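**Student:** Need coordinates for the below:
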Amino acid sequence: MTSGLHATVDGPPDAPVLLLGSSLGTTGAMWQPQVAALAERYRLVRYDHLGHGGSAVPLGAYTIDLLGRKVLRLLDDLGIARVHYAGLSLGGMVGMWLAAHAPERIDRLALLCTSASLGPADGWRARAATVRAGRLHTIADAIVQRWFTADFAAAHPDVVAAHRDLLLSTPAAGYAGCCEAIAAMDLRADLAAVRVPTLVIAAADDPATPPEQAVAIAERIPSARLVVIDDAAHLANVEQPETVTRLLVDHLDPTGAVST
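**Tutor:** I've put the predicted structure just below:
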């Protein structure tokens, strides 16, 4: 049995592997601003969450445990024993699960604009019900508004439109299933088990996972370092690509120099 996850691979086949997990309602394409620089030094694997992009779309509620186990199966499918992992939002939630439950597979960890517990659960379940009823388009603008600051959105309407299209192309069953995974998620007790070097990145203007969520994560992971990026909302890697790329390279390879 394979993972059912779609992945895009870039970079040298013999380089260290960096696995990238994306936000709810996007795909591995969300990481495009980082690909050129990161693929110079890593075998870059961008996967689509279960129910997203080119991945399988099972019906029903998902769990973070399920999403994480699918990623482990993907690594097995690709013949990869260990990786660096960077994840934003839902990708970060999966990253915390992986580092706590499969520490032998993770070398270094980066968690961006994410949370270990993101209530209220009823809100996520209501969003799942809205999407299953075929009304994702009715909430799409409100979701995307949280992804970018107003100044960035005004200056880059094409970027905002492209990410809105990503959101609207997400299968309803997959998006709703992942909403229910977030509703049921509480990783706070797992964080003490994360022993790998960890970078926690927050965005100062992120209304979806505000900086206090990152503080709570960094306080619980023994090896964590926290950085807050100014002038960015939830998709900080898109809004501040050079800053995020530099932070990732400095964390994953402290002796390296990044090209941006």
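**Student:** Point out where the stretch 1-150 of the chain drops to low pLDDT.
**Tutor:** Under the criterion pLDDT under 70, the flagged ranges of the stretch 1-150 of the chain are 1.
**Student:** Mind jotting down where the helices sit in it?
**Tutor:** Taking DSSP state H, counting those that start in this stretch, the helices of the stretch 1-150 of the chain run over residues 32-38, 64-78, 90-101, 121-132, 136-145, 150-155.
**Student:** which of these is buried the deepest?
**Tutor:** Mean neighbours per residue, mean count of other CB atoms under 10 Å, is largest over the helices of the stretch 1-150 of the chain for helix 90-101, with a mean of 26. Every C-beta, even on glycine, is put in place using the N, C-alpha and C of the backbone.
**Student:** how far does that one sit from the chain's center?
**Tutor:** Centre-to-centre, helix 90-101 and its host chain are 9 Å apart (CA atoms, centre = their mean, to the nearest Å).
**Student:** next one: stretch 85-92
**Tutor:** Distance, centroid of stretch 85-92 to centroid of chain: 3 Å (CA atoms, centre = their mean).
**Student:** and what of stretch 80-93?
**Tutor:** Centre-to-centre, stretch 80-93 and its host chain are 7 Å apart (CA atoms, centre = their mean).
**Student:** Stretch 126-134 now?
**Tutor:** For stretch 126-134, the distance to the chain centre is 22 Å (CA atoms, centre = their mean).
**Student:** As TSV, the helices of the stretch 1-150 of the chain with distance to Cys113 would be great.
**Tutor:** Converted to TSV, these look like this (distance: least, CB to CB, whole Å):
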stretch	distance to Cys113
helix 32-38	14
helix 64-78	16
helix 90-101	7
helix 121-132	17
helix 136-145	14
helix 150-155	14
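**Student:** Looking at the ones you listed, spot the one closest to Leu167.
**Tutor:** helix 136-145 (5.5 Å; CB to CB).
**Student:** and that closest one, what does it pack onto?
**Tutor:** helix 121-132, helix 157-168 (3 or more CB pairs under 8 Å, 6 or more residues apart in numbering; DSSP states H and E).
**Student:** Pull the residues that contact it.
**Tutor:** Residues outside helix 136-145 that contact it (CB atoms under 8 Å, 6 or more residues apart in numbering): 25, 127, 130-131, 153, 160, 163-164, 167-168, 170, 172, 175.
**Student:** Send me that helix as CSV with only the CA atoms.
**Tutor:** The C-alpha trace of helix 136-145 is given here as CSV (Å, rounded to 0.1, in the frame of the first residue of the first chain):
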residue,chain,number,x,y,z
LEU,A,136,-16.3,27.0,0.1
HIS,A,137,-16.6,29.9,-2.3
THR,A,138,-18.7,31.8,0.2
ILE,A,139,-15.9,31.8,2.8
ALA,A,140,-12.9,31.9,0.4
ASP,A,141,-12.3,35.6,0.5
ALA,A,142,-12.4,35.7,4.3
ILE,A,143,-9.8,32.9,4.5
VAL,A,144,-7.5,34.4,1.9
GLN,A,145,-7.7,37.8,3.7
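**Student:** mind checking which of the helices of the stretch 1-150 of the chain is nearest Ala181?
**Tutor:** helix 64-78 (5.3 Å).
**Student:** what does the closest one contact?
**Tutor:** By CB under 8 Å, 6+ apart, helix 64-78 touches 1-5, 7, 9, 19, 21, 45, 47, 49-50, 81, 83, 90, 93-94, 97-98, 101-102, 105, 178, 181-182, 184-185, 187.
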